[in-house]
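> Below is the structure, and that's it, no one-letter string:
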Ligand SMILES: [Zn+2]
Ligand SMILES: [Zn+2]
């Protein structure tokens with residue numbers, strides 16, 4: 001379908017729909033707008049159609065990263081320099097500053113750190129998404145439990 005070497009800016013949705021029938025069954029489309037929020041304080045990350053995070057790069061610089069909330073999490077703009085293959089030192093909630101890094105989990109692709117936060121679609125279905133924090137790595141997963149809930153609630157609501 002797509003050449004892996006040339007699609008650094010390519011979108012996650014290709015992979016999500018290619019490999020995850022759960023997403024299909026749940027009718028989440030690549031253009032589905034996801035509301036993202038903090039698992040610690042419960043406040044939303046969405047601002048002006050972007051999900052906003054505080055990031056710390058390898059040099060210790062603190063900046064703001066804006067991510068498209070259309071399942072296209074790699075399409076991000078940052079106020080500080082981040083190399084494509086850089087592992088961020090930290091990703092935090094813009095409200096409570098709690099780290100979103102999942103301490104007990106590592107990316108299955110490259111063993112680097114992952115971050116977790118909650119997303120919802122049309123304010124009904126809520127699920128947790130775990131995302132590798134290295135930009136060039138596109139590994140992600142949805143929590144199993146929530147996937148289960150997604151299937152069960154496959155529905156009329158949206
Ligand atoms: Zn928070
Ligand atoms: Zn990774």
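Nice, thanks for sending it over. Predicted model, so just to flag it, every value in this text is computed and none were measured. Numbering: from 1, shown residues only. Ligands and ions are numbered 1, 2, ... in the order given.
> Spell out which residues of the protein are next to ligand 2.
By Cβ under 5 Å from the ion, the residues of the chain that approach ligand 2 are 107, 109-110, 112, 132, 134, 137, 139. Quick note: C-beta positions are derived from backbone N, CA and C, even for glycine.
> Quick check: which ranges of the chain have low pLDDT?
Applying pLDDT under 70 to the chain flags residues 1-31, 71-75, 122-125, 143-158.
> can you pull out the helices in the chain?
12-19, 21-25, 144-152 (DSSP state H).
> beta partners of the residue lying closest to residue 119 once chain neighbours are set aside?
Distances taken as Cβ to Cβ, 6 or more residues apart in numbering place residue 34 nearest to residue 119, at 4.3 Å, with adjacent residues excluded. As for beta bridges, residue 34 partners with residue 121 under DSSP bridges.
> again, but for residue 92
Here residue 92, judged by DSSP bridges, has bridge partners residue 54, residue 99.
> Next up, the contacts around it.
Applying Cβ atoms under 8 Å, 6 or more residues apart in numbering, we find residue 92 in contact with 53-56, 98-100.
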